[in-house]
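1. Just a sequence and a predicted model for now, questions to come.
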Amino acid sequence: MRRLNKTLLLLLPLIYAGCTTKVSRVQSDSTIDLTGKWNDTDSRLVAEEMIKDCLAQRWLYKWEAENKRPTVIIGKVVNKSHEHISVETFTKDMERALLNSGKVNFVATKTEREQLREEKADMEENASARTAKSIGEETGADLMLIGTLNTIVDQEGNKAVVYYQTNLELIEIESNQKVWIGEKKIKKFVERAKTTF
């Protein structure tokens, strides 16, 4: 019995070492694809490429000719894919790229505006007249960016081709005219031990 206890005590560190998790820090823009699913790299690359295309098109000349920056709002970008995709991360990547271009202004989304309106209503009652922000003085958006994320999966056994298509549209709010339509495709070949995708 004592010999068994000693053996267990000697093996315990080895068993524990085999069960620990190892974590390594990596650059946030490095490409790591563990599952073949949509990931942060896909989100960033699609957002950057689509915004670059968007800002290179003719719709922007109208605003530049008037020496004015258009004001944009992010509308709904709907995930119609078979995966859980954080659409908010993707839309924030787009918003950041557009805003950092210096060619457009942005206004808050519907959810953000609700929070801001609550704060202004609270200010009317609780803030001094000198510092309270006025209700009804918001900047209206000129354009809305909307879109969809779709996937097609072609699978045979443990191999699959996963095709992602992102479509975005920039629409003038007053006229409902579409001024830009962008599309980005990503195709991944995935081979797994299991046969489920």
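-> It's in. Keep in mind it's a predicted model, so treat the numbers as computed, not measured.

2. now Ser43: how far from Lys76?
-> According to C-beta to C-beta, to the nearest Å, Ser43 stands 17 Å off from Lys76. All C-beta atoms are positioned from the backbone trio N, CA, C, and that covers glycine.

3. More neighbours: the two, which one.
-> Neighbours per residue, other C-beta atoms under 10 Å: of Ser43 and Lys76, the larger number sits with Ser43, 21 against 13.

4. so what's that one scoring on pLDDT?
-> Looking at Ser43, its pLDDT is 84.

5. With Ser101 instead?
-> Taking Ser101 on its own, its pLDDT is 88.

6. Let me know how buried it is, in neighbour terms.
-> 13.

7. low-confidence ranges in this structure?
-> Applying pLDDT under 70 to the chain picks out residues 1-20, 23-35, 194-197.

8. Helices along that one, start to end?
-> 2-19, 40-55, 59-65, 87-100, 110-126 (DSSP state H).

9. buried set for the second one?
-> If I follow you right, that is helix 40-55. For helix 40-55, the neighbour count (16 or more other C-beta atoms under 10 Å) marks Asp40, Asp42, Ser43, Arg44, Val46, Ala47, Met50, Ile51, Cys54, Leu55 as buried.
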